[in-house]
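J.: model this:
(one chain, ligands or ions: 1)
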Amino acid sequence: MEVFGSSGTRGVVNESLGPEFLLRVAKAAGTVWNADRVAIARDTRKTGRMLADAAASGLASVGTDVDRLGIVPTPGLQAYAEREGVPALMITASHNPPEFNGMKLIGPDGVELSVADLERVEEHLLAERFETVSWDRTGRARSVDGAQREYIDQLHAAVDGDLIADADLTVALDPGHGAGALTSPEFFRELGCRVVTVNSQPDGHFPGRDPEPVPENLDDLGRLVASTDADIGIAHDGDADRAIFYDERGEYVEGDATFAALAAAELSQDDTTVSAVNVSQRLVDVVQSVGATLELTPIGSTNIISRIRDLRAEGATVPIAGEGNGGVFFPDYRLARDGAYIGARFLELVAERPLSELVSPYDDYYNVRLNIEYDTDDECRAMLTAAEARAQGSEAALDATDGYRLDYGDAWVLARPSGTEPLVRIYAEAREQARAEELAEGMRAALDAARTDA
Ligand code: MG
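T.: Numbering: from 1, shown residues only. Sure, this is the predicted structure:
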């Protein structure tokens with residue numbers, strides 16, 4: 001795909017992405033869908049309304065009526081799409097900085113479009129093959145109120161509210177000025193929690209922190225947890241499809257550790273889970289200990305969604321899947337990431353045991369990341385050939401889904417070309433730091449030698 005990445009399109013507004021472009025994307029999507037009606041929502045970004053207006057115009061020009069939902073988290077729009085059976089466009093740049101915006105495309109089943117479906121839209125976009133209609137058949141837009149409330153209601157229906165309410169929990173919440181600011185505080189309060197917040201006013205300038213929920217941006221949340229004696233801290237990204245956690249001591253918890261703790265609670269023998277090729281050893285260990293199966297995909301949530309669909313079609317049970325960045329899927333709930341739902345499912349566990357205890361089995365893992373730059377494609381190819389050769393010369397199991405991952409049982413190393421920069425990235429993880437470093441450095445030496453020879 002030239003235009004779309006695995007989750008739609010993003011860019012700096014009025015530099016690499018303007019309203020004209022999203023208008024044309026909407027015309028292409030409207031043409032491919034050929035639906036009577038399409039829903040549009042946005043996150044809190046300053047440019048959200050401008051871009052949503054452009055997308056709505058594009059849809060109307062190909063004869064599609066538009067439901068304008070206003071500011072709603074991406075999973076809230078997905079819930080609406082599924083409930084109404086209409087496709088949807090989400091104006092968001094997810095975790096990217098405030099100057100960015102973009103669009104995610106959602107099918108009438110509430111699931112992000114597959115790569116194949118995105119490719120069809122892209123073909124129409126690049127060829128400018130739009131089914132523009134005559135003036136008297138152009139679509140009409142209407143404002144739809146209440147999508148936030150309906151989203152919260154369906155969240156309640158999907159979690160164990162009594163278990164959470166009985167635990168009298170205090171939740172420190174950081175929606176990061178994003179779309180979750182309009183739904184998550186209310187949802188967790190209605191679950192019977194005491195809710196304290198930071199960065200909870202919707203604000204497209206993101207004055208308190210950038211939308212990405214990484215520890216550098218979350219010091220205030222850690223302090224809030226500690227100063228209010230909260231049981232848990234929860235942070236969302238800009239469109240609230242992810243959740244990152246702090247424990248009751250105000251300490252940041254790695255996304256890989258929360259995913260492992262949720263998976264340990266969710267997986268049974270003979271279940272299958274899906275993650276990407278940079279999956280943590282933490283999840284590998286959980287899967288091994290319960291006797292489940294782990295399937296790996298190329299990096300990117302669209303790939304994970306496709307694999308879950310295929311596995312379920314084959315009769316596999318996939319109760320949980322996802323990545324260590326706070327984007328966890330519970331496919332029986334919806335084939336979508338949902339920050340509030342992930343938060344509530346974690347609260348069900350915190351109702352029984354302190355968070356730090358839940359994740360302590362997954363504390364002692366060490367990650368090493370290295371990058372090797374290259375100048376020519378030949379150098380890149382030589383390095384990847386060397387990575388493959390290294391796998392064949394070792395006792396490690398090789399996974400070549402996306403780069404080369406060498407699994408040693410207790411540890412792993414992955415060499416993978418960056419999708420955006422002239423870099424080969426090396427990732428390694430083990431329970432001992434020395435082991436992770438040895439694996440990463442060994443791979444680096446082999447790749448360096450191959451690059452020099454190229
Ligand atoms: Mg997001």
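
J.: so is residue 437 in a helix, a strand, or just coil?
T.: Under DSSP: H, G, I helix; E, B strand; the rest coil, residue 437 falls in the helix class.

J.: Could you list the residues of this structure in contact with the ion?
T.: Within the chain, the positions near the ion by C-beta under 5 Å from the ion are 94, 237, 239, 241. (Glycine included, C-beta is placed from N, CA and C.)

J.: Need those residues in JSON lines (columns: pLDDT).
T.: Listed next are the residues of the chain next to the ion as JSON lines, based on pLDDT from 0 to 100:
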{"residue": "94", "pLDDT": "95"}
{"residue": "237", "pLDDT": "97"}
{"residue": "239", "pLDDT": "98"}
{"residue": "241", "pLDDT": "97"}
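
J.: Now a ChimeraX select for only the buried ones of those residues.
T.: Selecting only the buried entries of the residues of the chain next to the ion in ChimeraX, with 16 or more other C-beta atoms under 10 Å as the criterion:
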select :94,237,239,241
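
J.: Which one of the residues of the chain next to the ion is nearest to the ion?
T.: Looking at these and their distance to the ion, the nearest is residue 94, at 3.3 Å (C-beta to the ion).

J.: from what I can see the closest one touches residue 213, true?
T.: No. Between residue 94 and residue 213 there is no contact under C-beta atoms under 8 Å: 10.6 Å.

J.: who touches both of these two?
T.: Counting by C-beta atoms under 8 Å, 6 or more residues apart in numbering, the common neighbours of residue 94 and residue 213 are residue 237.

J.: Can you give me the buried ones in stretch 305-320?
T.: Neighbour-count burial for stretch 305-320, counted by 16+ other C-beta under 10 Å, picks out 305-308, 311, 316, 318-320.

J.: same thing with stretch 208-228?
T.: For stretch 208-228, burial by neighbour count (16+ other C-beta under 10 Å) applies to 208-214, 217-218, 220-222, 224-226, 228.

J.: rewinding a little: of the buried residues of stretch 305-320, closest to residue 328?
T.: Checking those against residue 328 with C-beta to C-beta, the nearest one is residue 320 at 6.6 Å.

J.: who touches residue 233 in this structure?
T.: Going by C-beta under 8 Å, 6+ apart, residue 233 touches 171-174, 218, 221-222, 224-225, 245-247, 250.

J.: meant to ask about residue 159, not that
T.: Going by C-beta under 8 Å, 6+ apart, residue 159 touches 191, 341, 344-345, 347-348.

J.: switch to 7 Å and redo it
T.: Neighbouring residues of residue 159 by C-beta atoms under 7 Å, 6 or more residues apart in numbering: 344-345, 348.

J.: Also residue 174?
T.: Taking C-beta under 7 Å, 6+ apart, we find residue 174 in contact with 198-199, 218, 220-221, 233, 235.

J.: what about the helix or strand harbouring residue 265, average pLDDT?
T.: Element membership of residue 265 [criterion: DSSP states H and E] is helix 255-266. When pLDDT is averaged along helix 255-266, the result is 97.

J.: what packs against that helix?
T.: On a contact count with 3 or more C-beta pairs under 7 Å, 6 or more residues apart in numbering; DSSP states H and E, helix 255-266 meets helix 281-290, helix 339-350, helix 355-359.

J.: relative orientation of it and helix 281-290 in degrees?
T.: Orientation of helix 255-266 against helix 281-290 (axes from the mean of the first three to the mean of the last three C-alpha atoms, to 10 degrees) gives an angle of 20 degrees.

J.: Tell me which residues touch residue 382, please.
T.: Contacts of residue 382 by C-beta under 7 Å, 6+ apart are 450-451, 453-454.

J.: If we use 6 Å, what do you get?
T.: For residue 382, the contact set (C-beta atoms under 6 Å, 6 or more residues apart in numbering) comprises 450, 454.

J.: is it fair to say it lies in a helix?
T.: Yes. Under three-state DSSP, residue 382 falls within a helix.
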